[in-house]
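A.B. asks: Coordinates for the following, if possible.
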Amino acid sequence: MNFTEKLAKAAEENNSIVCAGFDPDADKIPIKGKPGDVIPKFFSGLLDAFEAEDAKPGIIKPNAAFYEQYGIDGIKAMKKVIDDCKKRGYLVILDAKRADIGNTSKAYAKAVFDTFGVDAVTVAPYMGSDSVQPFIEYSGEGRGVYILNRTSNKGAVDMQDLVVNGKPLYMETAKKIVEWHRPGTGAVVGATYPGELEAISKFFVSSGKKVPLLIPGVGAQGGSASDVVKALKKSGNDIKIHRINSSRGIIFAYLDKKTDDFAGAAAKAVKELNGEINLR
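C.D. replies: Residues are numbered from 1 along each chain as shown. Below is the predicted model:
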């Protein structure tokens with residue numbers, strides 16, 4: 001089973017295309033102790049609540065930077081969180097935005113897939129095909145690669161809107177993603193630019209390739225899950241292979257809901273997002 005097929009299967013089983021971003025901030029974690037100890041405990045509590053409340057997301061996405069900021073203990077905590085998610089049957093994306101010259105990318109790919117054991121990783125395309133291929137080569141083992149295409153941050157326009165060959169650079173990047181495509185090759189396309197999302201989705205559909213989208217920007221960044229679903233449906237895309245990400249809006253939902261039940265609040269946030277998406 002390739003990674004795209006795994007995404008569709010997980011969507012069916014969990015009735016969800018939500019991507020829960022597991023991005024720790026020790027200052028917001030309501031458990032006392034060292035980051036290396038409290039981070040795995042915090043996310044284990046969330047995973048318990050997801051199961052108890054029948055509010056499973058469709059995938060989990062730790063962002064490596066939020067763990068690396070706590071040094072070696074943070075990296076060890078990330079491995080524990082990944083292992084916990086995998087043990088419970090979740091697909092895991094490591095949001096690491098890796099890529100470099102070929103040999104370096106090969107080492108990065110080995111680290112994320114073999115050492116950390118994740119199902120997919122985010123990569124940057126700026127250095128071209130030889131920097132991306134070492135990651136894509138793992139598709140034969142059922143792994144996935146999400147290539148940055150149209151990102152959700154405000155500064156995305158600085159580079160991604162530059163006109164190349166009469167088209168914005170993000171459309172030229174989409175062409176390269178199709179050119180490099182193997183089953184499991186996906187794209188990161190932000191929810192904060194729904195018009196561009198629809199155009200990119202239409203392009204991928206017209207190419208005949210199944211390109212799973214990782215769609216950040218919902219919640220704290222201002223994107224709307226319902227707008228994302230509309231854009232995907234208008235473009236004729238298969239909803240079940242895509243994932244709509246929310247990080248702070250899920251894991252720190254207890255702050256907005258003003259409750260001490262941090263795990264229950266997170267499960268409720270997943271349920272609410274699942275309801276907004278309305279997969280079925």
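
A.B. asks: In space, what's closest to Val228 - neighbours in sequence excluded?
C.D. replies: Once flanking residues are discounted, Val228 sits nearest to Ala191: 5.0 Å by Cβ to Cβ, 6 or more residues apart in numbering. Every residue, glycine included, has its C-beta placed from N, CA and C.

A.B. asks: now Arg98
C.D. replies: Arg98 sits nearest to Tyr108 (Cβ to Cβ, 6+ apart), 4.2 Å away.

A.B. asks: Number of residues surrounding that neighbour?
C.D. replies: Neighbour count for Tyr108, taken as other Cβ atoms under 10 Å: 19.

A.B. asks: what's the host helix or strand of Gly275 packed up against?
C.D. replies: Assigned by DSSP states H and E, Gly275 falls within helix 262-277. Contacts defined by 3 or more Cβ pairs under 8 Å, 6 or more residues apart in numbering; DSSP states H and E place helix 262-277 against strand 18-22, helix 35-52, helix 225-234, strand 243-246, helix 248-251, helix 253-257.

A.B. asks: how about 6 Å then?
C.D. replies: Contact here means 3 or more Cβ pairs under 6 Å, 6 or more residues apart in numbering; DSSP states H and E; on that basis helix 262-277 packs against strand 18-22, helix 35-52, helix 225-234, helix 248-251, helix 253-257.

A.B. asks: The longest one: which residues count as buried?
C.D. replies: Just to be clear, that refers to helix 35-52. Buried residues in helix 35-52, counted by 16 or more other Cβ atoms under 10 Å: 35-36, 38-40, 42-47, 49-50.

A.B. asks: Could the C-alpha coordinates of it be exported in CSV?
C.D. replies: In CSV, the C-alpha atoms belonging to helix 35-52 read as follows (Å, rounded to 0.1, in the frame of the first residue of the first chain):
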residue,chain,number,x,y,z
PRO,A,35,10.3,19.7,28.9
GLY,A,36,11.8,16.3,28.1
ASP,A,37,9.5,14.7,30.6
VAL,A,38,6.3,16.7,30.3
ILE,A,39,6.1,16.8,26.5
PRO,A,40,5.6,13.0,25.9
LYS,A,41,3.2,13.0,29.0
PHE,A,42,1.2,15.9,27.6
PHE,A,43,0.7,14.4,24.1
SER,A,44,0.0,10.9,25.6
GLY,A,45,-2.8,12.5,27.5
LEU,A,46,-4.2,14.0,24.3
LEU,A,47,-4.0,10.7,22.5
ASP,A,48,-5.8,9.0,25.3
ALA,A,49,-8.6,11.6,25.1
PHE,A,50,-8.8,11.3,21.3
GLU,A,51,-9.5,7.5,21.7
ALA,A,52,-11.9,7.9,24.7
